[in-house]
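# Fold the following and give me the result.
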Amino acid sequence: MRRLLIQITHRMQLRESWLIFFILGIIMMTFPFLHIFNKPVLLFGLPLLFLYFTAGWIISIIVIYLFMLANRNESKSTDEKNKI
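Model prediction:
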């Protein structure tokens, strides 16, 4: 599990990843996606659109957390290289 987390944070260090996730977030808020999830359907007693927004919010928080971990690891490795 630790190795997987290290691999994920290493990939998240790319600046392009920030741009990709930003564009993906913008696309997920466009009309076609909102129209798909704006149905009179209830899951667990909650409207589908509400669950879509809530899941997107939670996923964006997780992605930001992973980016922060990657940034922290990068700054630690840079500091260690500078000390040598």
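# quick one: residue 61 from residue 38, how far?
Going from residue 61 to residue 38 by Cβ to Cβ, to the nearest Å gives 23 Å. C-beta here means a position set from N, CA and C on the backbone, and glycine is covered the same way.
# More neighbours: these two, which one.
Taking other Cβ atoms under 10 Å, residue 61 and residue 38 do not tie; residue 38 has more neighbours (13 against 10).
# What backbone torsions are found at the more buried one?
Dihedral pair for residue 38: phi -90, psi 70, per degrees, to the nearest 10.
# so it sits right up against residue 49, yeah?
Yes. Contact criterion Cβ atoms under 8 Å: residue 38 and residue 49 qualify, at 5.0 Å.
# can you give me the end-to-end distance of stretch 31-44?
Criterion Cα to Cα, to the nearest Å; first-to-last residue distance in stretch 31-44 is 24 Å.
# From here on, call the first residue 54.
Yep, numbering from 54; the last one is stretch 84-97 now.
# Please tell me how far that stretch is from the chain's geometric centre.
Relative to the chain's own centre, stretch 84-97 is displaced by 21 Å; criterion: Cα atoms, centre = their mean, to the nearest Å.
# same check, this time on stretch 70-81
On Cα atoms, centre = their mean, the centre of stretch 70-81 falls 9 Å from the chain's centre.
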